[in-house]
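K.L.:
Sequence first, predicted model second:
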Amino acid sequence: MTDSTTRALRLGTRRSKLAMAQSGQVAEAVRALTGRAVELVEITTYGDTSREHLAQIGGTGVFVSALRDALLAGEIDFAVHSLKDLPTTQPDDLTLAAIPVREDPRDALIARDGLRFEQLPDGARVGTGSPRRMAQLNAWARSLGRRVETVPIRGNIDTRIGFVEKGELDAVVLAAAGLTRIGRIDEATQLLSPDVVLPAPGQGALAIECAAVNVDLVARLAELDDPDTRAAVTAERSLLAALEAGCSAPVGALADLSPGSRLRSSGAGPTAGEQVVTELHLRGVVGTTDGSTLVQLSTTGHVPASPDDVSAPLMLGRELAAEMLAKGAAGLMGERAL
Ligand SMILES: NCc1[nH]cc(CCC(=O)O)c1CC(=O)O
């Protein structure tokens, strides 16, 4: 065996607790898959060091660029990202080799005294800087006949929960997946139903990225891919891209797959007759951050049970985006989040 197949694989990761947790889990899976050692290489990103508000430095994409630079420079072999932090346009020289089975995509509430959202008092202070969460939480509060005060907060997950622990906020809203990965999901006082709060496109999913030239590794890591997750997040991200929304825009999306339906396909030849297809249900929301207006639509399409083909989910996302734009979504996104 040559040195290049036996040396440790280098996994580039951010230093945050969440990034280290998800990189550690993927490292273990890659070790089991390849039999090769995996070494974590810590990369500091501009997003980790900047004190400016994320919105002012161009969104969460900043977390990604340093890892990508390291991939292209050959300093690391692969990187693990939270898919929801990835821009919707994929550079040609980088490949998402695998999107593993995703965690719970829902948002979670962590409130004082074990409270659920419906039990928060009028005027409760809820920590989130996400325009998507603000829009849907404010709309939910309105529908309950009260209001909440959304308070923009930054920092890692522990810091955000700390605002509730210290009594500075009544509640915070975080991704359930992040809480699970750092071992704090038990502290969630409510998992927010997608019927009321749609998660960010791709929330709960990880993406394993390689340099495109590294074809052998791309092929190997593809074994960690979950085609159903890939189909779902492709539809969600296609919707986001087609809405031409920046990563801090108030867009929520969630696709569910119901497997096993069978369709009769026409024509002759070996593929004629019954074809197994999956039903893909895609929901999307855009709103004003004050929650006074939401455009919320859904659609259902069929996805061939063919792992490599994401054209159907891509189309479904674009179709739903077109319907949402026709219902005035563009005007809502023009509003600047404060
Ligand atoms: N925006 C930050 C971010 N990026 C990924 C996660 C964790 C959840 C995930 O993997 O989707 C979080 C934290 C959060 O939103 O609470």
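P.N.:
Great, that's in hand. Numbering: from 1, shown residues only.

K.L.:
going forward, measure contacts and count neighbours with C-alpha atoms only.
P.N.:
Noted.

K.L.:
Identify the residue spatially nearest to L254, adjacent ones excluded.
P.N.:
Once its chain neighbours are removed from consideration, L254 has its nearest residue in R283; the separation is 5.3 Å (CA to CA, 6 or more residues apart in numbering).

K.L.:
what about that neighbour, which helix or strand?
P.N.:
Applying DSSP states H and E as the criterion places R283 in strand 273-287.

K.L.:
What strands line up against that strand, and which way round?
P.N.:
Strand 273-287 has its sheet partners listed here by DSSP bridges as strand 251-265 (antiparallel), strand 294-304 (antiparallel).

K.L.:
what about the shortest one, distance to the chain center?
P.N.:
Once both centres are worked out by CA atoms, centre = their mean, to the nearest Å, strand 294-304 turns out to sit 18 Å from its chain's centre.

K.L.:
try stretch 63-81
P.N.:
A distance of 19 Å separates the C-alpha centroid of stretch 63-81 from that of its chain, computed with CA atoms, centre = their mean.

K.L.:
Other residues contacting it?
P.N.:
Identification of contacts with stretch 63-81 by CA atoms under 8 Å, 6 or more residues apart in numbering yields 9-14, 19, 22-23, 26, 41, 43-48, 85-86, 93-94, 206-211.

K.L.:
Select only the buried ones of those residues in PyMOL?
P.N.:
Command for PyMOL, covering only those of the contacts of stretch 63-81 found buried under the criterion 16 or more other CA atoms under 10 Å:
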select buried, resi 9+10+11+12+13+14+19+22+23+26+41+43+44+45+47+85+86+94+206+207+208+209+210+211
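
K.L.:
among the contacts of stretch 63-81, which are in strands?
P.N.:
9-13, 41, 94, 206-211 (DSSP state E).

K.L.:
ok, back up a step: check the contacts of stretch 63-81 against the ligand, which are close?
P.N.:
Among the contacts of stretch 63-81, the residues that sit close to the ligand (CA under 6 Å from any ligand atom) are D85.

K.L.:
and the one helix or strand R142 maps to, what does it pack onto?
P.N.:
Element membership of R142, judged by DSSP H and E, is helix 131-143. For helix 131-143, the packing partners by 3 or more CA pairs under 8 Å, 6 or more residues apart in numbering; DSSP states H and E come out as strand 148-151, strand 273-287, strand 294-304.

K.L.:
If you count contacts, what does the longest helix seen in the chain end up packed against?
P.N.:
Among the elements of the chain assigned as helix by DSSP state H, the one spanning the most residues is helix 17-34. With contacts defined as 3+ CA pairs under 8 Å, 6+ apart, the packing partners of helix 17-34 are strand 9-13, strand 38-42, strand 78-82, helix 176-181.

K.L.:
Now render those as TSV, adding mean pLDDT and distance to T299.
P.N.:
Compiled in TSV, these are given as follows (pLDDT from 0 to 100; distance: least, CA to CA, whole Å):
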stretch	mean pLDDT	distance to T299
strand 9-13	97	36
strand 38-42	96	41
strand 78-82	96	26
helix 176-181	98	25
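
K.L.:
which one of these lies closest to A242?
P.N.:
Across these, A242 has its closest neighbour in strand 78-82 (20.6 Å, CA to CA).

K.L.:
Next, the angle strand 38-42 makes with that closest one.
P.N.:
60 degrees (axes from the mean of the first three to the mean of the last three CA atoms, to 10 degrees).

K.L.:
Show me which residues of the chain are close to the ligand?
P.N.:
Of all the residues in the chain, those lying near the ligand are 82, 84-85, 174-175, 177-178, 203-205, going by CA under 6 Å from any ligand atom.

K.L.:
which residue packs closest to A171, ignoring adjacent ones?
P.N.:
Excluding its sequence neighbours, the residue lying closest to A171 (CA to CA, 6+ apart) is A111, at 4.0 Å.

K.L.:
if we can go back for a sec, please, a PyMOL command that selects the buried ones among the residues of the chain next to the ligand?
P.N.:
Remark: buried members of these, expressed as a PyMOL selection using 16+ other CA under 10 Å:
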select buried, resi 82+84+85+174+175+177+178+203+204+205
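
K.L.:
Could you tell me how many residues sit around A108?
P.N.:
Residues lying near A108 (other CA atoms under 10 Å) number 25.

K.L.:
does it have beta-bridge partners, and which?
P.N.:
What pairs with A108, by the bridge criterion (DSSP bridges), is L174, L191.

K.L.:
need the contact list for the residue nearest to L254.
P.N.:
Under the criterion of CA under 8 Å, 6+ apart, the contact list for R283 reads 198, 253-255, 296-299.
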